[in-house]
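[1] have a look; sequence and predicted model below, questions after that.
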Amino acid sequence: MTDGIETKRFTKNDGGFVCQHCGREVMPLGYSSRNHCPFCLWSLHLDVNPGDRASECGGQMQPIKAEPDPKKGYILTHRCTVCGALRRNRTAHEAVVQPDDIRKIIALTVGRY
């Protein structure tokens, strides 16, 4: 917080993209920022805060675990293969268009993916 004004920590940035890990085309989520591939669950280290595209790293983010959350569904943890940064992101396993692969999410909850 700066001078009583709270800075926004989330920027909606819901464009489609081609996954740099598996090469599949990823469609926009439609209601929030899609930050990882729904097919392989990999991401890119593009953000400092969600959706801002302010990171200079650009490395691939490997999904390393998933945790169930009673209010948010599942939370994925990614580790950057370049700088080692860790980021946590909500899954979109219930999305209408290209839902996240729930089998891979479940496998990550027990460390098998």
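    Looks like it came in fine.

[2] helix or strand right after the lengthiest strand in the chain?
    Criterion DSSP state E: the longest strand present in the chain is strand 60-69. Scanning forward in sequence from strand 60-69 by DSSP states H and E, the next helix or strand is strand 73-80.

[3] what is the mean pLDDT for that following strand?
    Strand 73-80 carries an average pLDDT of 94.

[4] so which residues of this protein form strands?
    Assigned by DSSP E, the strands in the chain fall at 17-18, 25-26, 43-44, 60-69, 73-80, 86-90.

[5] partners of the longest strand of the chain in the sheet?
    strand 43-44 (antiparallel), strand 73-80 (antiparallel) (DSSP bridges).

[6] mind putting the strands of the chain in JSON lines, distance to D100 and mean neighbour count included?
    Where C-beta positions appear, they are placed from N, C-alpha and C, glycine not excepted. Output for the strands of the chain, formatted as JSON lines (distance: least, Cβ to Cβ, whole Å; neighbours: other Cβ atoms under 10 Å):
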{"stretch": "strand 17-18", "distance to D100": "15", "mean neighbour count": "12"}
{"stretch": "strand 25-26", "distance to D100": "11", "mean neighbour count": "15"}
{"stretch": "strand 43-44", "distance to D100": "11", "mean neighbour count": "22"}
{"stretch": "strand 60-69", "distance to D100": "9", "mean neighbour count": "18"}
{"stretch": "strand 73-80", "distance to D100": "8", "mean neighbour count": "19"}
{"stretch": "strand 86-90", "distance to D100": "10", "mean neighbour count": "16"}
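
[7] need the distance between the two termini of stretch 87-100.
    Start-to-end span of stretch 87-100 (Cα to Cα, to the nearest Å) is 17 Å.

[8] pull the residues that contact it.
    26-30, 32, 34-36, 38-39, 41, 43, 45, 47, 50, 61, 66, 69, 72-78, 80, 101-102, 105 (Cβ atoms under 8 Å, 6 or more residues apart in numbering).

[9] got the buried residues for it?
    Within stretch 87-100, the residues that count as buried by 16 or more other Cβ atoms under 10 Å are R87, N89, R90, T91, A92, H93, A95, Q98, D100.
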